[in-house]
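Student: Predicted model and sequence below, questions to follow.
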Amino acid sequence: MEKYLYIALFAPLVSSMFSALFTNGAKKQFVGVVASLLIFSAFVSSSILLSNILNGGEVLHVEMMTWMKSGNLYIPFGFVVDQISVTMMMVVTLVSTIVHIYSIGYMDHDKGFNRFFAWLSAFVFSMMILVMSDNFAGLFIGWEGVGLCSWGLIGFWFHKNIATWAANEAFIMNRIADLGMLIGIFLVYWNTGSLQYHLAFPAMAHLDTSTLTMIGIFLFIGAMGKSAQFPLHTWLADAMEGPTPVSALIHAATMVTAGVYLVIRSNELYSLIPNVGLFIASLGAFVALFAASMALVNRDMKRVIAYSTLSQLGYMFAAAGLGAYWVALFHLMAHAFFKALLFLGAGNVMHAMHDELDPFKMGGLKKVMKGTWIMMTIASLALAGIFPFAGFFSKDTILEVAFSEHHMIIYGVLVFTAGLTAFYSFRLVALIFHGEERYKIFGIHPHEAYKFMLIAMSPLLILAMIAGIFQEPFFNMVEEILGAMEYHIHSHVTVWIMLVGTQLFVGLAILFAYKKYYSWGSVPDGSSAMENSFIYKLLYNQYYIPFAYKEYVMKPYNDISAIMWEIDKKVVDASVDGIANAFYLTGEKTRDMQSGNLSTMLKWMVTGLVGLLSLAAVFGIATRYSDEITTILSGLGV
Amino acid sequence: MEIGLNHYLILSTILFAIGLVGIMRRKNLLLLFFATEILLNAVNIGFAAISHYYGDLTGEMFAFFIIAIAASELAVGLGLLIVWYKRHGSIDLDTMTSMRG
Amino acid sequence: MLEHILSILIFFPALAGVMGFMINKESMRAYGVSVATIEFVLSLLLWFSFDNTVSSMQFMEQLPLIPSFGINYILGVDGISLFIVIMASLFTMIGIASLTETPNVKNMIITLLFLQMTMVGVFTALDGIVFYVFWELSLVPMLYIIGAWGGPMRIYASVKFFLYTFAGSLVMLVGMLFMAYLFYQATGRWSFALFDWYRLVLPENFQLWLFAAFFIGFAIKVPMFPFHTWLPYAHGQAPTIGSVILAAVLLKMGTYAFIRFSLPLFPDASVYFMYPVAVIAIIMIIYTAMVAYAQKDVKQVVAYSSVSHMGVIILGTFALNVEGISGSVFLMIGHGIVSGALFLLVGVIYDRRHTKLMSEFGGLAHIMPKYATIFGIMMMASVGMPLLINFVGEFLSLLGFYAQSHMLTLLAGVAIIVGAIYMLIAYKRMFFGEVTKEENKNLTDVNRRELIALVPLVIISIWLGIYPKPILEPINNSVELVVQTMHNKATTEDAKMRIPNISGVVISKTSMKEDH
């Protein structure tokens, strides 16, 4: 079995290095094919590992070699394949295989084709390290690795200033969170003596709550950055500057869920500190609503989907925070499928529309892009949580958890957000695929994507439709490790009312979106009453948070840096130079003594002689009468 | 009145003061040599007087040494002075400022 | 030969340098490269014959110089100094091999060989006076390199560099003399040998003063805030090769000396001054990182970033536990490799454009993809990306210091944020965007000579980032000895508590008392 573990882990690395060999050359189709095959082999290996786990096989735990060893610190390159990591591995390898194949078509005309695959496979490798590591340091390798690849991929079109800006923003914001994570790791080490999960978590049971709370909070700060939780969320929307397959893989399906993975992985820790868990759940619910509200009015197709991702991450954190780790993990998986599908569909639309992102400028694309239309509609249905699609099973369980744990505010927020989700998803679908063909004004001739891209997407389509049936086996699999419990609401009537009520609410939201946008006729120009309302502006400007960051964080940082530099030159360095200049000046001033005139110098000599003699005399007298002088001085109070 | 140690020492001090003033005031190199000679001999008087007072010959020995050194110093100094005069036509101190800083 | 390998390592380049005057100008480059390569091979030989399991000094040599004052020529290496010595010879070799068209290339190479002698001397000397002599001698070649081949302000920069560091080391010399005098008072004989000093347990108030005296000498060399202002000038004016060696090796003298002298000699004072020094280190980290961000000249960015990283090294050193000190020693190597490479990279673009202003570049990734890739890897190493060399050291240093103070580590950790900011922004300014300047459109990518210098550094950064064990293990062993020495010598309660007792490390008294 170890063999498969290594294949799953290193096939993406090989793929990345292989593609990197051709980085500087012209586009080569086979690079994409080979990369896809290698990632596919990782997928196959992961499947074998999964079937092994499902058939009751041992949890695989290998230590490849030592990484760091100093003092009492021991960090190996250790990998563990248990129920949690194998789920993540499946999600990562499956989505990335599809995205790789899709990218062959999507990046067809890009001259950075080979480089793209190098980065993309490197990302998969980092993500595999992240989910497979058996210790926090290894997790951190993956954590930073995915951050690096995300930087490289957001800024993939590095001639675009806005793309590289977004890349730097993502990297730096993640770094802020990584500091929290690093501190969390230090805390784990100094309190438990190890960074390996199988030693650290059992040791945590003996620690006092305040330490555990600190560990929990700092680790969660790390998770907040990677999963773009408030207030570190702005990078995710800006990250949409990257190529769309990147958005599908990194900023929807895998990397952003790393934070959720961390919380799930640390379930033993977070079960000990329910207060932090409640905070996580509340923040999750808040972000779910907060992000959904921004998605309502945004006029950038990809940003809408990005906010929806953010909102769904909120759901996952809400579940994980309430202790329903398996539900969070299940929603993570289901979300990966339909959200990746949604993004890839959006990629097709973008291609068709020559990189136009404003859905108001599209409309009526159903006719030319039937396949994409069906896929995006089904993905949106799954996202909205309509029975019997994937989202229904995962999201509804989260609602049930919140309900049965008696967190009614969280429950209410999440139900309301479900309605918003349905609305903005179908606003998008209606605007893009239905109604008048507004794109004609702009002289665009849309066309459907390559057939093989659609075929590549089809597994996601199927999974988005049927992932619900995996709920039962999935629960049985992770039950043991996540201490999972079924959430039972005692009265059957309540359950049915909840289910039907939510479905009705969501359904109404969808209908409302269709009604409002189905036959949209014109491109809004900012003159309508709604567009000038305060709420619209607030939401459209993302609550002015990016503006505030720019104005109150970045600008001051720039200014302070400039001031620091001035200080460095004009205070620190000037004082050093001042000391040196004092010597120079003394020399300069006293050089007149050296007039070269013998007579003057003799005069100075005599002066010096007299001075020394008188000093000698004074000291002589002082020594002789030292007792008296001391008395006088003490009398003066010295 | 018997002439005692103090008188010699006072003489020595007066001579020393004259020499010192001479060193400070004179602008002529030759006169400067005179002044140094006065200084040295002021010290010699002091040495000889104290030597006699204590009945110890060391001081007089020193005086002899000083006389010898002063003579050689003067010989060398005068030689240089003559060379300087031949070169520059003047032994005025104010013209000798090649060591000006 | 092995018993005298350290002396050979020190004096071979110097002798070869003297011989170099007889070589004619055309073959000088080949001569320099071969001498430096032999030196490097010798240093590798030193490594291969080094026993990783021994934590005390190895390859000790001893020769009385002035026995009546206890001044002896004592050499030795342990895990702490070994790799810095190897790095010094590596950079001399790379530096000479990658030397661009320089006027007076002969003098340059001879100077570099002399510099090599002083560098190896500093890191292997185990006698206060011998150490001091090499410490001061190392200034001379550097002064010459900056003063003769530097930029327009070279005289100012070189004089500033010389006088500043010289003034600091004079204070250190006084400290050393006092130390020897104290030894004389205690034992009745003079000794400048480090191992004699190690055995001397000093009262705390003496320790404080001596610590301060040594501190000034070391702090200026590191350079620590607020003594760092000579560095930007030196880097700004020095030719590429000068900056590379200055950043990679010469700065390490200060941090190395902290571990070799300050910590084991004055354990109580080290604990006493731990917080003040840590605060200075944090100021260094954040303040210089912000200053680096404000720079317009890419070489100044690298120069200030170098100061910022030295802050982390200092912090790790003053963690006073094995994790922290091992991390800081490792980071010395890492910082040497990375900042050396970054200065080489800046040199590459300077050779082509004769400017270092970032506003003159932009979009270079289109024209020089290989250059952009190597720069990118080194930049990522510099910001502490895991699996690259700097991360190991930074992680261990911060981890170690966390045992001493939570808050200060949190502040120092800001390094990973601000470090990313200035580096990424600088990278964006230089490499991303469209090519706007006409002059940049026809630049050639890195050539073979530059690749010879850069590729080994890239390989080392990745190799030691993934598999630091070959270096970390001997470092760790020697550091354990240092920490145990400190713990044993500590007199105050606080110091005993803060410096961990490492069970299992037996200080072999014989090895410590080997002299006399």
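Tutor: Everything's here; your move. Keep in mind it's a predicted model, so treat the numbers as computed, not measured.
Student: how close does residue A:500 get to chain B?
Tutor: In this view, residue A:500 and chain B are 104 Å apart by CB to the nearest CB, to the nearest Å. Every C-beta, even on glycine, is put in place using the N, C-alpha and C of the backbone.
Student: Next up, the contacts around that residue.
Tutor: Neighbouring residues of residue A:500 by CB atoms under 8 Å, 6 or more residues apart in numbering or on different chains: there are none.
Student: hmm, try it at 10 Å
Tutor: Contacts for residue A:500 (CB atoms under 10 Å, 6 or more residues apart in numbering or on different chains) come out as residue A:387.
Student: Same check on residue C:149?
Tutor: By CB under 10 Å, 6+ apart, residue C:149 lies in contact with C:102-105, C:107-108, C:111, C:237-242.
Student: Please repeat the previous calculation with a cut-off of 7 Å.
Tutor: Applying CB atoms under 7 Å, 6 or more residues apart in numbering or on different chains to residue C:149 gives the contacts C:102, C:108, C:239.
Student: so where's the stretch 401-550 of chain A uncertain?
Tutor: Scanning the stretch 401-550 of chain A with the threshold set as pLDDT under 70 gives A:484-490, A:521.
Student: Can you identify each of the helices in it by residue range?
Tutor: Remark: helices assigned in the stretch 401-550 of chain A by DSSP state H, counting those that start in this stretch are A:408-433, A:451-466, A:471-482, A:492-517, A:529-532, A:534-540, A:545-549.
Student: what stretches of chain B score poorly on pLDDT?
Tutor: Across chain B, the ranges flagged by pLDDT under 70 are B:99-101.
Student: what does chain B put close to chain C?
Tutor: Counting by CB under 7 Å from any CB of the partner chain, no position of chain B is adjacent to chain C.
Student: now, which of the contacts of residue C:149 lie within strands?
Tutor: Of the contacts of residue C:149, none are assigned to strands by DSSP state E.
Student: Report the buried residues of whichever helix in chain B runs longest.
Tutor: In chain B, with assignment by DSSP state H, the single longest helix is helix B:58-88. Neighbour-count burial for helix B:58-88 flags B:59-60, B:62-63, B:66, B:70, B:74, B:77, B:81 (criterion: 16 or more other CB atoms under 10 Å in any protein chain shown).
Student: and of these, the nearest to residue A:203?
Tutor: Of all these, residue A:203 sits closest to residue B:62, with 89.4 Å by CB to CB.
Student: Does that closest one touch residue B:46 like I think?
Tutor: No: using CB atoms under 7 Å, residue B:62 makes no contact with residue B:46, being 10.0 Å away.
Student: Relative to residue A:204, how far out is the residue nearest to residue A:143 when sequence neighbours are not counted?
Tutor: Spatial nearest neighbour of residue A:143, chain neighbours left out: residue A:130 (5.9 Å); criterion: CB to CB, 6 or more residues apart in numbering or on different chains. Between residue A:130 and residue A:204 the distance, using CB to CB, to the nearest Å, works out to 21 Å.
Student: ok, the two, which is more surrounded?
Tutor: Between residue A:130 and residue A:204, residue A:130 has the larger neighbour count (other CB atoms under 10 Å in any protein chain shown), namely 27 against 19.
Student: show me what contacts the more buried one?
Tutor: Applying CB under 7 Å, 6+ apart, we find residue A:130 in contact with A:139, A:142-143, A:146, A:258.
Student: Which helix or strand contains it?
Tutor: For residue A:130, the element it lies in under DSSP states H and E is helix A:113-132.
Student: From residue B:68, how far off is residue C:425?
Tutor: Plainly put, residue C:425 is 82 Å away from residue B:68 if you go by CB to CB.
Student: Same question for residue A:273.
Tutor: To residue B:68, residue A:273 is 100 Å away according to CB to CB.
Student: so which strand or helix has residue 177?
Tutor: Going with chain A. Using DSSP H and E, residue A:177 sits within helix A:161-192.
Student: Sorry, I should have been clearer: chain C.
Tutor: Using DSSP H and E, residue C:177 sits in helix C:154-187.
Student: what about the next helix-or-strand element following that helix, distance to the chain center?
Tutor: Counting by DSSP H and E, the next helix or strand C-terminal to helix C:154-187 is helix C:194-198. Taking CA atoms, centre = their mean, to the nearest Å, one finds helix C:194-198 lying 23 Å from the centre of the chain it belongs to.
Student: Extract the C-alpha set from helix C:194-198 and format it as CSV.
Tutor: C-alpha atoms of helix C:194-198 as CSV (Å, rounded to 0.1, in the frame of the first residue of the first chain):
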residue,chain,number,x,y,z
LEU,C,194,39.2,30.2,24.8
PHE,C,195,39.0,26.9,26.6
ASP,C,196,40.7,28.4,29.6
TRP,C,197,38.3,31.2,29.7
TYR,C,198,35.4,28.8,29.4
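Student: Just confirm residue A:68 is within a strand.
Tutor: Yes: assessed with DSSP: H, G, I helix; E, B strand; the rest coil, residue A:68 lies in a strand.
Student: wait, it sits on residue A:76?
Tutor: No: Residue A:68 is beyond contact range of residue A:76, at 8.8 Å (criterion: CB under 7 Å).
Student: Buried by neighbour count: which residues of the helix holding residue C:177 qualify?
Tutor: Residues of helix C:154-187 classed as buried: C:154, C:157-165, C:168-169, C:171-173, C:175-176, C:179-180, C:182-183 (neighbour count, 16+ other CB under 10 Å).
Student: which element is residue 350 on?
Tutor: As the question left the chain open, I've gone with chain A. Here residue A:350 sits within helix A:325-352, counting by DSSP H and E.
Student: My question was about chain C, not that one.
Tutor: Under the criterion of DSSP H and E, residue C:350 resides in helix C:322-353.
Student: tally of neighbours for residue 10?
Tutor: All of this is about chain A. If you count neighbours by other CB under 10 Å, residue A:10 ends up with 16.
Student: um, chain B though
Tutor: Considering only other CB under 10 Å, residue B:10 is surrounded by 10 other residues.
Student: ditto for residue B:1
Tutor: By other CB under 10 Å, neighbour count at residue B:1 equals 4.
Student: for residue C:82, same thing?
Tutor: Residue C:82 is flanked by 23 other residues according to other CB under 10 Å.
Student: cool, and residue A:388?
Tutor: Residue A:388 is flanked by 12 other residues according to other CB under 10 Å.
Student: do the one 3 residues further on as well
Tutor: Number of residues near residue A:391 (other CB under 10 Å) recorded here: 31.
Student: Between residue A:68 and residue A:76, which has more neighbouring residues?
Tutor: residue A:68 (24 against 20).
Student: residues contacting the residue lying closest to the more buried one once chain neighbours are set aside?
Tutor: In space, residue A:68 comes closest to residue A:75 once its chain neighbours are excluded; the distance is 4.5 Å by CB to CB, 6+ apart. Each residue near residue A:75 by CB under 7 Å, 6+ apart is listed here: A:67-68, A:135, A:137, A:195.
Student: Can I get stretch A:286-304 in CSV? Just the C-alpha atoms.
Tutor: C-alpha atoms of stretch A:286-304 as CSV (Å, rounded to 0.1, in the frame of the first residue of the first chain):
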residue,chain,number,x,y,z
PHE,A,286,-21.4,35.4,9.8
VAL,A,287,-19.1,34.9,6.8
ALA,A,288,-21.8,32.8,5.1
LEU,A,289,-24.2,35.6,5.3
PHE,A,290,-21.7,38.4,4.7
ALA,A,291,-20.3,36.8,1.6
ALA,A,292,-23.7,35.9,0.2
SER,A,293,-24.8,39.5,0.6
MET,A,294,-21.9,40.7,-1.5
ALA,A,295,-22.6,38.1,-4.1
LEU,A,296,-26.1,39.5,-4.6
VAL,A,297,-25.2,42.6,-6.5
ASN,A,298,-21.7,41.9,-7.9
ARG,A,299,-21.4,42.3,-11.7
ASP,A,300,-18.4,40.1,-12.1
MET,A,301,-19.4,36.5,-12.8
LYS,A,302,-16.3,35.0,-11.2
ARG,A,303,-16.4,37.2,-8.2
VAL,A,304,-20.0,36.1,-7.6
